[in-house]
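# need a structure here:
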Amino acid sequence: MGNRLFFILLAAGLPLSIVGSLLHWEPTMLFVIYCVTIIALASYMGRATESLAIVSGPRIGGLLNATFGNAVELIISIFALKAGLVGVVLASLTGSVLGNLLLVAGLSFFVGGLKFKRQEFSVYDARHNSGLLMFAVIVAFVIPEVFSMNMPERETMNLSIGVSAVLIVLYLAALFFKLVTHRGVYAVEGEDEGHHDEKPEWSKGVAMLVLGLATVAVAYVSENLVHTFESVAHRFGWSELFIGVIIVAIVGNAAEHASAIIFAFKNKMNIAVEIAVGSTLQIAMFVAPVLVFVSLFFETPMPLVFSLPELIAMATAVLLTIAITNDGDTNWFEGLTLLGAYLIMGIGFFLL
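This is a model prediction of the structure:
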């Protein structure tokens, strides 16, 4: 039923997106069409990565899901940078961190917890991710903000480039650690359970083809979506910050949202957590630094300097997530706690 709905949305949304952009329809209507189309495309990306996850196991599957899910946001952000919307991009990065840690993980824990009294996942992965989250968000994002207070604009940009380079190197080292040198060292009994007797929806070749085509389509729709931001913000009275933190983040991460919840409902918590937390780490340690380097090719470069509300919100989300996930055990109430935190922050950013 759900797959049929997304097929209908895609079959209607993609042609309407193309026609609407060519005929210059009303921006608000186009904004809705583009968002629905991207969410429908993200569902196909989620299904394709789920097929690959069954073949590859939870770690590779979670990484693939996060990577292709974040590809949507990366594409939207690049076009936003090209349009000079640096504030929207920084806000969308904030929104991704908050969305993945509080909304995606929260919904996964809540939905899974309604079906299962108690759900467990790798405590070793949880602790490993905790350290990286502390480093990526609290150290690497706070330091540029603090130091930039007494720096001219050019030096702030140089600091951002240096921090970005360190983040990318450490992220690649973390992948090498997890997937090569220490693969299986911290394996938990039953971690791959449920994959051996489950058949993927699509073969490996078909899944990769779907991912490729969906990514190309998302790139086209995203470029047009960016051009509607200003009109929509003016019409509804939304701030640049709210559009980035809430709207772009939810649309851009729709693939992870759907996949993580589905996996949690099937009690595959290792991959659900890997999607939510792994996606956050990829945003903070890879996507954000890459955008800093990409921005150097545009008129307005993007320093890795967030506003105080953005920093406090991200740091709070990281600390709360670590407190809840560090025991490798979760339930519906812990999920509800994360969702409550997301709702409070959403209200704050809306009123800011």
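
# okay, now the unreliable bits of the stretch 101-250 of the chain?
Along the stretch 101-250 of the chain, the model assigns pLDDT under 70 to residues 184-197.

# for it, what spans make up the helices?
Counting by DSSP state H, counting those that start in this stretch, the stretch 101-250 of the chain has helices at residues 105-115, 123-133, 140-148, 153-176, 204-226, 229-236, 240-242, 249-252.

# correct me, but residue 49 touches residue 210?
No: using C-beta atoms under 8 Å, residue 49 is not in contact with residue 210, being 9.5 Å away. The C-beta positions use only the backbone N, C-alpha and C, and glycine is treated the same way.

# so for those two, which sits in the more crowded spot?
Using other C-beta atoms under 10 Å as the criterion, residue 49 and residue 210 rank with residue 49 on top: 29 against 19.

# which residues touch stretch 76-92?
Residues outside stretch 76-92 that contact it (C-beta atoms under 8 Å, 6 or more residues apart in numbering) are 73, 93, 222-223, 225-227, 229, 240-245, 248-249, 251-252, 287, 291, 294-295, 298-300, 302, 305-307, 310.

# give me the buried entries from those residues.
Buried residues within the contacts of stretch 76-92, counting neighbours by 16 or more other C-beta atoms under 10 Å: 73, 93, 222-223, 225-227, 229, 240-245, 248-249, 251-252, 287, 291, 294-295, 302, 305-306, 310.

# quick check: what element follows the longest helix seen in the chain along the chain?
Identified as the longest helix of the chain according to DSSP state H is helix 27-56. Later in the chain than helix 27-56, the nearest helix or strand by DSSP states H and E is helix 58-82.

# now that following helix, how far from the chain's geometric center?
Distance of helix 58-82 from the chain centroid (C-alpha atoms, centre = their mean, to the nearest Å) equals 7 Å.

# swap in stretch 47-61?
Stretch 47-61 sits 17 Å away from the centroid of its parent chain (C-alpha atoms, centre = their mean).

# mind checking how far residue 78 is from residue 218?
Using C-beta to C-beta, to the nearest Å, one obtains 12 Å as the distance from residue 78 to residue 218.

# more neighbours, the two?
residue 218 (26 against 21).

# buried residues of stretch 199-214, list them for me.
Buried residues in stretch 199-214, counted by 16+ other C-beta under 10 Å: 200, 202, 207, 210, 211, 214.

# which ones are touching the last one?
Residue 214 makes contact with 41, 42, 44, 45, 48, according to C-beta under 8 Å, 6+ apart.

# could you measure from the third one over to residue 107?
Taking C-beta to C-beta as the measure, residue 44 falls 20 Å from residue 107.

# what of residue 152?
Distance from residue 152 to residue 107, by C-beta to C-beta: 43 Å.
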